[in-house]
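Enquirer: Build the 3D model from these lines:
(chains A, B, C and D)
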Number of protein chains: 2
Amino acid sequence: MVTSHDVAKLAGVSQPTVSRALRDDSRLSAATKQRVREAAAALGYSPNAIGRALSVGRSTSIGLVLTDLNNQFYPYVIAPMHAELEKLGYQLVLITESSESGPVADHVAANGLCGVILATTTVDSVLPVRLSDRAVPFVYFNRVAQSVAADAVTVDPVPGVREMVRALAEQGHERIGAIFGPRNTSTGEERETAVRDLLQEQDLTLVSRNVLHGPFDFQTGHAGARELLDRPKPPTVIVCGNDVVALGVLNAAAELGTRVPDELSVVGFDDLPSSAWALIQLSTVAYDLDEMSRAAARLIVERVEGRGKEHRKAVFPTHYVPRATLGPAPR
Amino acid sequence: MVTSHDVAKLAGVSQPTVSRALRDDSRLSAATKQRVREAAAALGYSPNAIGRALSVGRSTSIGLVLTDLNNQFYPYVIAPMHAELEKLGYQLVLITESSESGPVADHVAANGLCGVILATTTVDSVLPVRLSDRAVPFVYFNRVAQSVAADAVTVDPVPGVREMVRALAEQGHERIGAIFGPRNTSTGEERETAVRDLLQEQDLTLVSRNVLHGPFDFQTGHAGARELLDRPKPPTVIVCGNDVVALGVLNAAAELGTRVPDELSVVGFDDLPSSAWALIQLSTVAYDLDEMSRAAARLIVERVEGRGKEHRKAVFPTHYVPRATLGPAPR
DNA sequence: CCGGTTCAGGCATACGTATGCTCACATTGA
DNA sequence: TCAATGTGAGCATACGTATGCCTGAACCGG
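Expert: Here you go, the predicted model:
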């Protein structure tokens, strides 16, 4: 391994001078900088990130904490987040909360992460507290916890849900089913509240026997749809907590031979790229997930670098995207 | 931040003793170890990974190098790989080859990764050479390069493709189209060769005008299907380089109103979880992608830890999974 | 009773980089 | 000509952990 000492020797300067030259310190003469740069290039030197991290007291690794890496939702988060972090000179490290290596907070502190993005926070999670105790900077992504205030990027479901509910009323749906997300997540709660409130504005009601809850995953939608469709008077539309749940519903309907949207309408939330596929054509509530992911990356970097003191919240608006899975209510 | 010095002070021992106690060094007495452990627990101490990495000369971060993080294929690789690495005490760091931060090899060396898994190697890639030059341990995942020998986990397409081609012949297909992967990837090349050779065994031929190539992505399948279906005598079946390409084909067919499998059969390769969905039901060639990903993780860790000297190759067998997208050839 | 062995732990140092402080030299102004 | 200022770069050290080497004490056998 070639170190700054090797470069120093070749350039005929001291090691600190190498460090300064490559960081473009104003105190060095242009000639010296040039000489050092040439020596560095000749040796193929690149500064050791670990030495640097130890010296400056923090690394350039940002952790992304999530529970379910298998969920279809996260690829669309990871990709833009990674891209943005890379642009800013940071790396993305994946951390799952079901960590077998003990408490996540220890894990984070121990592994030299300089900050984390929390993507699967539950309302009652203690992780934010732990991180706060250890002074690890963090940002809420999508979901927030009540325990600790911090930077956050979130979604405002109301505008999109309002449009969606209006479309649903216009199509004449009255027996409405819903498969919401977990009650202990802010997204689950907010979306459910938005749907309930806005349905009421349309003089529509959600009867509790047609409302299910579960994790934001395929299985929830799949099993939920089978349950709802098995009712004597099944709902004519199922409102889903997110697109992944809706995919579960659509597939269950396909298995049962229930035609969508002729016999059953389905709406989702997130507008994942696959929802636009011709084979899916899911009517859903959309927002700019790509930009939202990038915003989270920028926020954590600013926080890590000490810029910005106030906690900032970026709230992304939503809109309804009508496609083929919401149709007229069957009589 | 609480360091091993703090623990040492509290336990009334020296810092090296703390280090040894927590690593369960045989030289220390049980009593001392116990005392140190209690002190560490009392202070909530966890060893700093950066200090450790600097001292021992390597980190516990494994890089996963890929080009297209958006590809549907990778989530199913990342999740098990991450899980296995975590179990072994390592972390997964994502690296994209289209890195804006300069050559990947520098990036890797500079960021203190102790090893990398190459998931999107092209046959003519120079990255393996660069890594080899810098003595960075690496493992080929799925695709291999010719330039440098290394540990590798790969797939043998022959058994699965043989079954698939036989099924295709049995269904009476004669006008066969194909959308293969890039010629400069080992997977693209191997699968294409397998299909061509085994078709010949069935006295079937692939006319070159019905053969396309492109990246292993949705767009390739989508555009390719539109091109092939626009021919005067379109193929009755399209053999795809992988499932993601097949998804593109299926969606293009849906857009064009081409019924699958009545008017067009489609087969894929990889058997992604979504291929089994009722809405998709893609007939495809399967292998154990989950176990393969874990195997890559284990291999790189063994290499990093210096165990095992010979290069090892793990080759995963394939089999055909008949579903709904391969049907009888239309007359 | 003494030399040799073993055990338990401390001391010194290394890893690679960054930075505060110091210092030598050149330049400037009076 | 000399003091004051400024410029350019080196010296010393810090970051947190791991480990080779050494030391002191206890123990053992002859």
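Enquirer: So what's the gap between whatever helix or strand A:Val129 lives in and the chain middle?
Expert: A:Val129 is part of helix A:127-133 when elements are defined by DSSP states H and E. Put simply, helix A:127-133 sits 19 Å off its chain's centre (C-alpha atoms, centre = their mean, to the nearest Å).
Enquirer: again, but for stretch A:263-276
Expert: That offset, for stretch A:263-276, works out to 18 Å (C-alpha atoms, centre = their mean).
Enquirer: Stretch A:285-292 too?
Expert: Distance, centroid of stretch A:285-292 to centroid of chain: 10 Å (C-alpha atoms, centre = their mean).
Enquirer: just to revisit the earlier point, going by neighbour count, which residues in the helix holding A:Val129 are buried?
Expert: For helix A:127-133, the neighbour count (16 or more other C-beta atoms under 10 Å in any protein chain shown) marks A:127-128, A:130-132 as buried. Yep, even glycine has a C-beta here, placed from its N, CA and C like the rest.
Enquirer: Stretch A:218-238: end-to-end distance?
Expert: For stretch A:218-238, the first-to-last residue distance is 14 Å (C-alpha to C-alpha, to the nearest Å).
Enquirer: Briefly note if that stretch comes near chain B.
Expert: No - residues of stretch A:218-238 contacting chain B under C-beta under 8 Å from any C-beta of the partner chain: none, with a closest distance of 8.7 Å.
Enquirer: Helix or strand: which one has A:Glu38?
Expert: Going by DSSP H and E, A:Glu38 is part of helix A:30-43.
Enquirer: Mind giving me the packing neighbours of the helix holding A:Val129?
Expert: helix A:104-110, strand A:115-118, strand A:138-141 (3 or more C-beta pairs under 8 Å, 6 or more residues apart in numbering or on different chains; DSSP states H and E).
Enquirer: quick check, the first one touching DNA strand D?
Expert: No - counting by C-beta under 7 Å from any atom of the strand, DNA strand D is not contacted by helix A:104-110; separation bottoms out at 8.2 Å.
Enquirer: what sits against the one residue in the stretch 201-331 of chain A that gets nearest to DNA strand D?
Expert: For the stretch 201-331 of chain A and DNA strand D, the shortest gap (C-beta to the nearest atom of the strand) falls at A:Val304, measuring 16.7 Å. By C-beta atoms under 8 Å, 6 or more residues apart in numbering or on different chains, A:Val304 lies in contact with A:58, A:62, A:114-115, A:137.
Enquirer: what's the nearest residue to it if we skip its chain neighbours?
Expert: Distances taken as C-beta to C-beta, 6 or more residues apart in numbering or on different chains put A:Gly115 closest to A:Val304, at 4.2 Å, once the chain neighbours are dropped.
Enquirer: surely that neighbour meets A:Pro137?
Expert: Yes - in this structure, A:Gly115 is within contact of A:Pro137 by C-beta atoms under 8 Å, at 4.2 Å.
Enquirer: who wins for neighbours among the contacts of A:Val304?
Expert: A:Ile62 (26 neighbours; other C-beta atoms under 10 Å in any protein chain shown).
Enquirer: residue contacts, it?
Expert: So A:Ile62 contacts A:85, A:90-93, A:113-117, A:297, A:300-301, A:304 (C-beta under 8 Å, 6+ apart).
Enquirer: Show me these that map onto helices.
Expert: Among those, the residues falling in helices (DSSP state H) are A:85, A:297, A:300-301, A:304.
Enquirer: since we're on the closest residue to A:Val36 other than its chain neighbours, how many residues are nearby?
Expert: Setting aside the residues directly before and after it, A:Val36 is nearest to A:Ala21 in space (C-beta to C-beta, 6+ apart), at 3.6 Å. Residues near A:Ala21, counting by other C-beta under 10 Å, number 25.
Enquirer: avg pLDDT for the host helix or strand of A:Ala21?
Expert: Using DSSP H and E, A:Ala21 maps to helix A:15-22. In this model, helix A:15-22 has a mean pLDDT of 94.
Enquirer: So is it next to DNA strand C?
Expert: Yes - applying C-beta under 7 Å from any atom of the strand, one finds helix A:15-22 in contact with DNA strand C at A:15-16, A:19-20, A:22.
Enquirer: residue in the stretch 101-250 of chain A nearest to DNA strand D?
Expert: A:Ala110 (8.2 Å).
Enquirer: Any part of the worst-scoring helix or strand of chain A on mean pLDDT near chain B?
Expert: Lowest on mean pLDDT, DSSP states H and E among the helices and strands of chain A sits helix A:104-110, with a mean of 74. Yes - residues of helix A:104-110 contacting chain B under C-beta under 8 Å from any C-beta: A:106, A:109-110.
Enquirer: helices or strands next to that helix in the packing?
Expert: strand A:61-66, strand A:91-96, helix A:127-133.
Enquirer: before we move on, back to that, please identify which of the ones in helices among the contacts of A:Ile62 is nearest to B:Pro80.
Expert: Proximity of the ones in helices among the contacts of A:Ile62 to B:Pro80 (C-beta to C-beta) peaks at A:Leu85, which lies at 23.2 Å.
Enquirer: For the closest residue to the closest one other than its chain neighbours, which residues are in contact?
Expert: For A:Leu85, ignoring the flanking residues on the chain, the nearest one in space by C-beta to C-beta, 6+ apart is A:Ala297 at 4.8 Å. Counting by C-beta under 8 Å, 6+ apart, A:Ala297 makes contact with A:62, A:80-81, A:84-85, A:88, A:90, A:117.
Enquirer: So A:Ala30 versus A:Val36, what's the distance?
Expert: 11 Å (C-beta to C-beta, to the nearest Å).
Enquirer: out of those two, which sits in the busier spot?
Expert: Neighbours per residue, other C-beta under 10 Å: of A:Ala30 and A:Val36, the larger number sits with A:Val36, 25 against 8.
Enquirer: burial count for the nearest residue in space to A:Leu88 that is not next to it in sequence?
Expert: In this structure, A:Leu88 finds its nearest non-sequential neighbour in A:Val301, 4.9 Å apart by C-beta to C-beta, 6+ apart. By the measure other C-beta under 10 Å, the count of residues near A:Val301 is 22.
Enquirer: how close does A:Val301 get to A:Gly115?
Expert: 8 Å.
Enquirer: where in the stretch 51-200 of chain A is pLDDT low?
Expert: A:98-102 (pLDDT under 70).
Enquirer: Pull up the residues of it that are close to DNA strand C.
Expert: Counting by C-beta under 7 Å from any atom of the strand, the residues of the stretch 51-200 of chain A near DNA strand C are A:51-52, A:54-56.
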